[in-house]
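>>> model the following, please.
(one chain, ligands or ions: 1)
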Amino acid sequence: MTVMDRPASIADRLDDKTLLRSESFIGGQWVTGTSSFEVSNPANGEVIAEVGDVGAEGARQAVTKAAEAFETWKKVSPFERARILMKWYDLILENQADLAKLITLEMGKTYREARGEVVYGAGFIEWSAEEAKRVHGETLPTPFPNSRGWTIRQPIGVVGCITPWNFPNAMITRKCAPALAAGCTMVIKPAPETPLSALALAELAKRAGVPDGVFNVVCGDAQKIGPVLTGSDAVRMIGFTGSTEVGKLLMRQAADGVKRVALELGGNAPFIVMDDADIEKAADGIIASKFRVSGQTCVSANRIIAQPGIADKLVEALEARISRLKAGDGFAEDSDLGPLVHMEAVSRVDALVKQAREAGARIVTGGKRLDEELGGAFYAPTLIDGGDPKMDVACHEIFGPVASVYRIEREEDIIRLANDTPYGLAAYIYTRDVNRVHRLTEGIEYGMIGVNAPMVGAASTPFGGVKESGIGREGGKWGVEEFTELKYVLLGGVDG
Ligand code: NAP
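Model prediction:
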């Protein structure tokens with residue numbers, strides 16, 4: 001591996017039409033890899049960048065740098081850490097347009113959504129900067145004469161962080177901002193589809209004054225980098241956002257070192273519409289929850305469970321809205337949905353729809369690939385009705401622009417169906433009956449529930465799931481606590 005002089009920022013090079021070349025960011029320096037991989041735009045298949053793969057050796061170097069930096073960063077006053085984080089926050093907002101451009105180029109979401117992601121992601125930095133000053137312990141009563149007990153919260157240490165492509169900016173800030181606020185240092189392995197957003201965040205962190213070695217980004221083969229992070233004694237915690245399958249694997253790998261794991265995994269969100277709900281609002285909510293990022297979010301509505309009394313009206317309201325949605329290049333002003341992340345995703349979603357059709361469900365609108373027509377990884381916004389909740393499209397995380405409606409009458413059957421999945425991330429309930437709100441929110445097993453609200457995430461609230469959707473919470477005061485150890489001190493009585 002070669003250490004390079006700092007290249008111009010990735011964002012600065014965006015308008016340069018030549019292929020972007022990028023390196024990893026280790027110990028405050030840009031480091032090339034021993035091989036490289038390509039990043040392409042899913043809206044048209046064009047290769048936009050070539051990124052060096054630093055492999056296991058790069059990961060080891062980054063862990064060493066992060067461990068060295070931890071010795072000083074943990075002693076930096078929380079007030080100073082807060083100032084640096086606020087500077088990072090300001091720089092991210094100043095560069096919102098360029099960061100959003102990178103997101104749209106790398107993974108396809110619309111530029112409007114990408115700008116929203118940058119603001120959402122930056123919110124975690126602002127919140128964590130404020131929270132840095134509120135990480136404190138308590139004094140405790142003890143049964144021992146003249147003694148005092150107290151707790152302190154200290155940063156856990158070096159955190160290995162592995163992130164997905166669907167929110168290439170916010171899934172990094174949601175982990176790194178609280179970790180840095182708490183006094184931890186990070187080694188981040190971004191998804192291979194979206195390394196540029198991670199590297200641009202590193203560049204801005206450096207400009208904000210984050211010391212060298214505190215925030216490292218290693219790009220390359222997950223099979224080589226992952227085991228270094230989970231196997232190193234210097235890494236005390238693994239923070240992962242991605243699929244449940246990979247989360248389980250990392251948890252098993254981390255078990256040998258009894259490392260803390262924070263896992264934000266897959267979901268299969270029920271969107272429950274009761275017969276007293278405002279149908280127009282419920283339909284708007286489903287569009288917002290289901291079609292944002294072309295359905296590629298872990299909290300996307302996956303199963304729309306409607307009481308039969310209002311199901312026809314709901315399907316009608318949805319059909320009107322979905323048939324108007326336009327898929328297209330994320331930079332086009334009239335695009336409501338961008339492409340899926342790659343062509344394999346298009347084939348996977350198409351297979352789910354085909355299986356539903358074969359199982360007797362009605363495809364109300366959409367239900368077809370648009371890749372040939374639009375020249376990229378596009379799938380038509382789709383509505384399925386009348387299906388069986390045992391179909392693949394109901395049992396698997398769709399991760400695509402496909403909404404499917406299931407008609408269930410009795411409240412206890414609705415709760416049973418909502419819980420009939422290994423997942424438990426987000427759920428949505430539309431009703432105007434407060435008693436139903438209590439029965440349903442307490443009956444369903446989910447980490448986050450939106451009642452008459454289609455989006456639940458915010459910097460101030462706890463984000464995370466139960467069951468196979470994960471362990472731990474990001475956001476709010478809980479997000480910072482995840483990155484700390486609780487230490488108890490007993491001061492014994494002194495004679496005389
Ligand atoms: P994924 O395949 O699990 O990949 C996520 C990250 O893990 C990528 O950086 C990937 O790198 C890496 N990875 C894969 N195998 C690995 C291994 N053996 N060791 C170390 N790292 C490894 O998930 P995805 O397809 O990118 O993302 C979609 C999933 O993420 C969905 O299930 C979605 O629900 C979930 N998600 C959850 C949340 C949440 O907050 N709960 C948020 C967003 C997404 P490579 O691609 O190089 O293998």
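>>> what number of residues lie near the residue of the stretch 1-150 of the chain found nearest the ligand?
In the stretch 1-150 of the chain, the residue that lies nearest the ligand is Phe37 (9.0 Å; C-beta to the nearest ligand atom). To be clear about C-beta, it is placed using only N, CA and C from the backbone, and glycine gets the same treatment. Neighbours of Phe37 under the rule other C-beta atoms under 10 Å: 16.
>>> hey, what's it bridged with?
Val51 (DSSP bridges).
>>> wait, it sits on Val51?
Yes. Between Phe37 and Val51 there is a contact at 5.9 Å, judged by C-beta atoms under 8 Å.
>>> now do the shared contacts for these two.
Common contacts of Phe37 and Val51 (C-beta atoms under 8 Å, 6 or more residues apart in numbering): Pro192, Cys219.
>>> check what pLDDT the residue nearest the centre of the chain gets.
When C-alpha atoms, centre = their mean is applied to the chain, the residue found nearest the centroid is Met171 (4.1 Å). Model confidence at Met171, given as pLDDT, is 98.
>>> over to it. Which of the three states is it?
At Met171, secondary structure determined by DSSP: H, G, I helix; E, B strand; the rest coil is helix.
>>> number of nearby residues for the nearest residue to Gly465 once chain neighbours are set aside?
Leaving aside its sequence neighbours, Gly465 sits nearest to Leu425 (C-beta to C-beta, 6 or more residues apart in numbering; 3.7 Å). The tally of other residues near Leu425 (other C-beta under 10 Å) stands at 29.
>>> can you tell me which residues contact Leu425?
Leu425 neighbours (C-beta under 8 Å, 6+ apart): 265-269, 298-299, 446-448, 464-465, 469-470.
>>> TSV for the residues you listed, including neighbour count and secondary structure?
Listed next are the contacts of Leu425 as TSV, based on neighbours: other C-beta atoms under 10 Å; DSSP: H, G, I helix; E, B strand; the rest coil:
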residue	neighbour count	secondary structure
Leu265	27	coil
Gly266	22	coil
Gly267	28	coil
Asn268	26	coil
Ala269	30	strand
Cys298	29	coil
Val299	24	coil
Tyr446	27	coil
Gly447	22	coil
Met448	22	strand
Gly464	23	coil
Gly465	26	coil
Ser469	28	helix
Gly470	27	strand
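>>> report the two of those residues separated the most.
Maximum pairwise distance among these (C-beta to C-beta): 15.4 Å, between Asn268 and Gly464.
>>> for Trp127, what are its contacts?
Trp127 touches Ala177, Ala459, Ser460, Gly475, Gly476, Gly479, counting by C-beta under 8 Å, 6+ apart.
>>> of those, just the buried ones, ChimeraX syntax please.
The ChimeraX selection below is limited to those of these classed as buried (16 or more other C-beta atoms under 10 Å):
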select :177,459,475,476,479
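>>> ok, the contacts of Trp127 vs the ligand, which is closest?
Gly475 (10.1 Å).
>>> just list the residues touching that closest one, thanks.
Gly475 is in contact with Phe124, Trp127, Arg174, Gly457, Ala458, Ala459, Ser460, Thr461, Pro462, Phe463, counting by C-beta under 8 Å, 6+ apart.
>>> helix or strand right after whatever helix or strand the third one lives in?
To tie it back to what came earlier, the one meant is Arg174. Using DSSP states H and E, Arg174 maps to helix 170-182. Counting by DSSP H and E, the element after helix 170-182 in chain order, helix or strand, is strand 185-189.
>>> what packs against that following strand?
Strand 185-189 makes packing contacts with helix 55-73, strand 158-162, helix 170-182, strand 215-217, helix 222-231 when contacts are defined by 3 or more C-beta pairs under 8 Å, 6 or more residues apart in numbering; DSSP states H and E.
>>> SS state for Gln87?
Rather than Gln, residue 87 is Lys. Strictly by three-state DSSP, Lys87 counts as helix.
>>> swap that for Phe25, sorry
In terms of secondary structure, Phe25 is strand; the call rests on three-state DSSP.
>>> quick one: name the residues of the stretch 351-496 of the chain near the ligand.
Within the stretch 351-496 of the chain, the positions near the ligand by C-beta under 6 Å from any ligand atom are Glu397, Leu425, Gly465, Gly470.
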